[in-house]
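> sharing a sequence plus its predicted fold:
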Amino acid sequence: MSSHTIQTLSAPLPYACPECGSGSTVQVIYGLPDVDLFDAADAGFVIFGGHIFEAEGPTRECRGCHAEWREVDGYPV
Ligand SMILES: [Zn+2]
């Protein structure tokens, strides 16, 4: 059971890339990944930002142009 909420590609995609406008973006996860997260990463649904949570670190990455940005409540900040 994962403690993370994972935004999958089958779910609605409100997280468009601010650089290229692509809707194909993935969630950046911080902390120690569990089995569910490794599966999600293998499937390309998430990427790992590192074991240490970065308060100012990016929360989304674009699969098209690899831009990274922070979002709060679905909006770039
Ligand atoms: Zn992009």
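Yes, it's here.

> from what I see, F45 and V26 are in contact.
Yes: in this structure, F45 is within contact of V26 by C-beta atoms under 8 Å, at 6.3 Å. Backbone N, C-alpha and C define where each C-beta goes, glycine included.

> low-scoring pLDDT stretches of the chain, where are they?
With pLDDT under 70 as the threshold, the chain has low-confidence stretches at 1-3, 7-14, 72-77.

> Three-state assignment for the most centrally placed residue in it, please.
Within the chain, one residue has its C-alpha closest to the average C-alpha position: by C-alpha atoms, centre = their mean, that is Q27, at 0.7 Å. Recorded secondary structure, Q27: strand (DSSP: H, G, I helix; E, B strand; the rest coil).

> just E54 next, same as before
Judged by three-state DSSP, the three-state class of E54 is coil.

> could you find the closest non-adjacent residue to it?
Leaving aside its chain neighbours, E54 sits nearest to Y30 (6.5 Å; criterion: C-beta to C-beta, 6 or more residues apart in numbering).

> quick revisit: got a list of what the residue nearest to the centre of the chain touches?
Residues near Q27 by C-beta atoms under 8 Å, 6 or more residues apart in numbering: 6-7, 45-47, 59-60.

> for these, which one is nearest the ion?
Using C-beta to the ion, R60 is the member of these that lies nearest the ion, at 9.8 Å.

> how many neighbours does the closest one have?
As a burial measure, the neighbour count of R60 was computed by other C-beta atoms under 10 Å and equals 21.

> how near is the residue nearest to the centre of the chain to T5?
Separation of Q27 from T5 (C-beta to C-beta, to the nearest Å) stands at 9 Å.

> and for D34?
Distance of D34 to T5, given as C-beta to C-beta: 13 Å.

> and these two? Which one has more around it.
The residue with more neighbours, out of D34 and T5 and counting by other C-beta under 10 Å, is D34; that gives 14 against 6.

> buried set for whatever helix or strand L37 lives in?
Assignment of secondary structure by DSSP states H and E places L37 within helix 35-42. For helix 35-42, the buried set under the neighbour-count rule, 16 or more other C-beta atoms under 10 Å, comprises 37, 40-41.
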